[in-house]
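# Just the structure for this:
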Amino acid sequence: MIAFFEKVPIIAGGTVAILGALVLVGWALDYPLVTTATTGGYPIVPLMAVCFVLAGGALTMAVRPNRTPGKEATQQTLAALVATIAGLTLYEYLRASQSGFDLLLFGDKLKQVTNYPPGRISINSAGSLLLFALALLSIPHDRRRHDFRAQMFATPGLLIALLAILGYLFGVKGMNSLSQWSGMALWTAIGQLILGLGILVAVRDRGVGVLLMDDGPAGVLTRRLLPAALLAPIVLGVIRILGESGGFYESEFGASLFAVASILTFVGLVLWSARVLRNTDKERVDLLALEQQARAHAEKARNEAELARAEAERANNSKTDFLAVMSHELRTPLTAIMGYEELLSDGITGPVTELQRQQLGRINASARHLLGLIDEILTFARVDIGRERVRWESMSINHTLADAAALVEPMAAAKSINFIVELLEEDQAIQTDGTKLRQMLVNLLSNGIKFTDKGEVRIRCSENNGIFVVSIADTGVGIPPENIEEVFEPFWQAEQTATRKTGGTGLGLSVTRKLARLLGGDVTVASRVGMGTTFLLTLPMKAPAGEPIRRRDTPTTPTNPMHALHI
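Modelled structure (predicted):
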């Protein structure tokens with residue numbers, strides 16, 4: 001029903017326009033049904049048919065989607081032409097004059113019709129037509145301002161057309177004619193009734209339209225009672241007249257029968273509508289109860305999810321705390337082992353043979369490797385639980401890069417690959433945490449060397465609009481596209497087997513990205529399998545406002561310029 005009422009304005013406009021066009025064709029072909037007055041009625045004049053075409057087109061354009069200023073101007077022009085024709089007609093009636101514009105179409109044929117003045121629209125037809133034209137002109141205004149003007153103009157015009165139709169039904173000439181020689185034709189009354197109904201529901205968010213298309217109880221009641229309230233008295237009245245004309249009963253009995261039938265009809269309609277509303281309200285209450293149950297379930301599920309998330313966070317923090325404690329506890333005896341190794345190597349406790357010195361060197365190398373792994377886990381644990389502190393300091397970019405390169409140079413030398421460090425032509429100072437910057441550089445460089453068997457590892461740096469950019473490119477094995485983002489996941493390894501060729505915890509890149517974001521930057525990666533990998537580290541050149549900055553011992557600008565290093 002709602003979908004039907006949404007289409008009513010377009011259907012009404014099209015129907016009225018087609019009716020007007022058919023009437024014009026009938027006049028052109030001298031079709032008797034059009035040119036000859038019906039029994040007790042009047043023919044529909046050509047000028048009224050023209051107004052129907054114009055008004056139907058204006059109504060259809062007013063409710064079409066995708067309205068543009070050009071289309072709205074055309075719609076207003078059509079409605080204005082209808083208003084002009086209706087206004088001129090009423091003016092001629094008022095002045096009792098004949099300008100002759102009524103005879104512009106089919107003038108010779110109109111002079112043979114008994115209407116007077118020939119071809120002129122009747123007074124009641126012109127009045128209702130003027131009201132409909134004003135309503136059509138008001139539709140865009142009502143849509144913008146949420147007003148009722150169109151419905152206010154259309155309602156009395158609709159009543160005039162309805163009175164004319166009832167006059168034809170009940171044989172009361174005074175209801176469709178205000179003079180002996182001129183009146184509203186039956187087809188004119190039908191066309192104006194259709195046009196008025198279309199205008200009433202053209203604006204859907206106000207008045208009759210919003211009630212007819214409401215999906216609640218008010219809409220249900222309106223759609224069921226309004227048509228019945230309009231049609232029931234007419235049908236009962238026609239039945240009463242037919243019964244009296246056929247001699248089945250007298251006029252007094254017919255009036256009583258009409259009253260009883262009206263009462264029974266409307267009581268039945270009210271009870272039927274009440275039952276429908278009761279069922280609708282019951283469905284609404286049931287739906288409301290289901291909605292409340294669903295909302296309660298959703299709230300319960302949300303609470304359970306919050307508890308699970310909190311529990312997961314507590315478990316993760318416990319895991320991280322355990323890693324931090326164990327890393328710290330492992331670091332203490334490992335430092336002692338390294339100290340004792342140095343005492344033995346220096347011969348403080350006694351002479352050391354060359355073979356023993358080599359074995360002590362391997363112990364030292366293994367201990368330092370293990371210490372690096374423990375420091376990596378400790379850093380990851382502190383960053384993961386938000387306990388890693390940032391110490392802002394100003395330092396030389398070139399010196400920091402050179403220091404980090406020196407730490408990983410033995411790895412590159414052991415694999416006989418080219419290790420190239422391209423420094424800034426003019427050194428600059430960066431305000432960041434130097435220890436964390438060096439750790440990130442070492443992690444990225446050692447990762448590149450680890451996965452490169454031949455070729456080179458190259459580090460470049462630049463400054464762009466206050467952003468420090470470091471590029472570490474290698475010619476190694478590369479990373480498959482599906483694993484590009486996984487390389488930053490904790491404990492993820494490129495080789496997921498127990499017999500890996502490369503060592504490590506799988507935390508280096510994860511820690512590097514966490515540290516970069518902690519310092520206000522980020523780490524990204526681009527790679528092609530078999531072609532190598534490039535990591536891009538970006539950091540702000542300046543510390544956040546209000547942070548205390550300390551200066552490191554390394555100079556901001558070195559005394560001797562540092563060129564690119566080819567190690």
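# helices and strands around the helix or strand hosting A305, which ones?
According to DSSP states H and E, A305 maps onto helix 251-345. Packing contacts for helix 251-345, counted by 3 or more Cβ pairs under 8 Å, 6 or more residues apart in numbering; DSSP states H and E, involve helix 217-245, helix 354-384. To be clear about C-beta, it is placed using only N, CA and C from the backbone, and glycine gets the same treatment.
# Low-confidence bits of the stretch 51-200 of the chain, can you list those?
113-115, 179-181 (pLDDT under 70).
# residue ranges for the helices of it, please.
Taking DSSP state H, counting those that start in this stretch as the criterion, the stretch 51-200 of the chain carries its helices at 69-95, 107-110, 123-145, 149-170, 186-200.
# backbone phi and psi for E426, please?
phi -120, psi 110 (degrees, to the nearest 10).
# Let me know how buried W27 is, in neighbour terms.
20 (other Cβ atoms under 10 Å).
# Make sure I have this right: F419 is in a strand.
Yes: counting by DSSP: H, G, I helix; E, B strand; the rest coil, F419 is part of a strand.
# where's the residue nearest to it when sequence neighbours are not counted relative to S527, distance?
Using Cβ to Cβ, 6 or more residues apart in numbering and skipping the chain neighbours, the partner closest in space to F419 is A412 (3.8 Å). Distance from A412 to S527, counting by Cβ to Cβ, to the nearest Å: 20 Å.
# ditto for L163
Distance, L163 to S527, using Cβ to Cβ: 85 Å.
# Neighbour count: these two, which is higher?
S527 (21 against 17).
# helix/strand/coil for the more buried one?
strand.
# beta partners for it?
With DSSP bridges as the criterion, S527 is bridged to T533.
# what pLDDT does it get?
Note on S527: pLDDT of 89.
# show me the residues around it that make contact.
478-479, 484, 533-534 (Cβ atoms under 8 Å, 6 or more residues apart in numbering).
# Now list the buried members of those residues.
478-479, 533-534 (16 or more other Cβ atoms under 10 Å).
# And for R120, the neighbour number?
23.
# That one reaches V45, doesn't it?
Yes: using Cβ atoms under 8 Å, R120 is in contact with V45, at 7.0 Å.
# and for these two, which residues touch both?
D102.
# so of the helices of the stretch 51-200 of the chain, which one's packed in deepest?
Among these, helix 186-200 has the highest mean neighbour count (mean count of other Cβ atoms under 10 Å), at a mean of 25.
# on that earlier part again, quick one: closest of the helices of the stretch 51-200 of the chain to V457.
helix 69-95 (64.9 Å; Cβ to Cβ).
# chain center to the closest one, what's the gap?
For helix 69-95, the distance from its own C-alpha centre to the chain's C-alpha centre is 42 Å (Cα atoms, centre = their mean, to the nearest Å).
# before we move on, back to that, which one among the contacts of S527 gets closest to Q359?
T533 (36.6 Å).
# got a pLDDT number for that closest one?
Reported pLDDT for T533: 91.
# For it, which residues are in contact?
448, 451, 473-474, 476, 478-479, 525-527.
# Check S273 too.
Per Cβ under 8 Å, 6+ apart, neighbours of S273: 220-221, 224-225.
# L437 now?
395, 400, 430, 519, 539.
# at 10 Å what do you get?
393, 395, 397, 400-401, 403-404, 430, 468, 470, 515-516, 519, 521, 537, 539 (Cβ atoms under 10 Å, 6 or more residues apart in numbering).
# Repeat that for L166.
172, 175-176, 189, 233-234, 237-238.
# Distance to L437 added to those residues, as a markdown table?
Compiled in a markdown table, those are given as follows (distance: Cβ to Cβ, whole Å):
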| residue | distance to L437 |
| --- | --- |
| V172 | 100 |
| M175 | 96 |
| N176 | 96 |
| A189 | 90 |
| P233 | 91 |
| I234 | 91 |
| G237 | 96 |
| V238 | 97 |
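# For ChimeraX, write the select line for the buried members of the residues you listed.
ChimeraX command restricting the contacts of L166 to the buried ones, with burial defined by 16+ other Cβ under 10 Å:
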select :175,176,189,233,237
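# Grab the nearest non-local neighbour of G14.
T60 (6.0 Å).
# Quick check on G476: phi, psi?
The phi/psi pair for G476 (degrees, to the nearest 10) is phi -80, psi -150.
# Mind putting the contacts of T533 into JSON lines with distance to E6?
Formatted as JSON lines, the contacts of T533 follow (distance: Cβ to Cβ, whole Å):
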{"residue": "G448", "distance to E6": "66"}
{"residue": "F451", "distance to E6": "66"}
{"residue": "A473", "distance to E6": "63"}
{"residue": "D474", "distance to E6": "66"}
{"residue": "G476", "distance to E6": "66"}
{"residue": "G478", "distance to E6": "60"}
{"residue": "I479", "distance to E6": "57"}
{"residue": "V525", "distance to E6": "55"}
{"residue": "A526", "distance to E6": "54"}
{"residue": "S527", "distance to E6": "57"}
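# ok, so of these, who is nearest L130?
A526 (74.4 Å).
# quick one on the thing from earlier: pull out the buried residues from the contacts of T533.
Here, 16+ other Cβ under 10 Å leaves 448, 451, 473-474, 476, 478-479, 525, 527 buried among those.
# List just the nearest of those residues to L509.
The closest of the buried ones among the contacts of T533, once distances to L509 are taken by Cβ to Cβ, is V525, at 8.2 Å.
# on that earlier part again, can you tell which of the helices of the stretch 51-200 of the chain is closest to L355?
helix 69-95 (97.3 Å).
# Please report how far V220 lies from D281.
10 Å.
# When those two are compared, which one has more neighbours?
Ranked by neighbour count (other Cβ under 10 Å), V220 and D281 place V220 first, with 17 against 12.
# I'd say the more buried one and V276 touch.
Yes: V220 lies in contact with V276 (Cβ atoms under 10 Å); the separation is 6.0 Å.
# doesn't I472 fall inside a helix?
No: I472 sits outside any helix when classified using three-state DSSP, being strand.
# so it bridges to which residues?
Beta-bridge partners of I472, as defined by DSSP bridges: I459, F535.
# That one: neighbouring residues, count only.
24.
# do the same with the one 10 residues further on
Using other Cβ under 10 Å, the number of residues around E482 comes to 7.
# Then I44?
Neighbours of I44 using other Cβ under 10 Å come to 28.
# Would you enumerate the residues in contact with it?
Per Cβ under 10 Å, 6+ apart, neighbours of I44: 19-20, 23, 26-27, 34-35, 37-38, 52, 121, 125, 184-191.
# And for it, nearest residue in space, chain neighbours not counted?
In space, I44 is closest to A185, 4.2 Å off (Cβ to Cβ, 6+ apart).
# How about G183: what's its closest non-neighbour residue?
Closest to G183 by Cβ to Cβ, 6+ apart is S177, at 2.7 Å.
# what bridges to E422?
Bridge pairing for E422 - DSSP bridges - gives R460.
# so it touches I472, yeah?
No: at 11.0 Å, E422 does not count as touching I472 under the criterion of Cβ under 10 Å.
# what is in contact with these two at once?
458-461.
# give the contact list for the closest residue to E393 other than its chain neighbours.
Spatial nearest neighbour of E393, chain neighbours left out: R550 (4.9 Å); criterion: Cβ to Cβ, 6+ apart. The contact partners of R550, by Cβ under 10 Å, 6+ apart, come to 391-395, 431, 434.
# In contact with the closest residue to L103 other than its chain neighbours, which residues?
Nearest residue to L103, sequence neighbours excluded (Cβ to Cβ, 6+ apart): G119, at 4.9 Å. G119 makes contact with 45-48, 98, 100-107, 109-111, 113, according to Cβ under 10 Å, 6+ apart.
# Now do the same for A315: its pLDDT.
66.
# what do you get for Y340?
Residue-level pLDDT assigned to Y340 equals 69.
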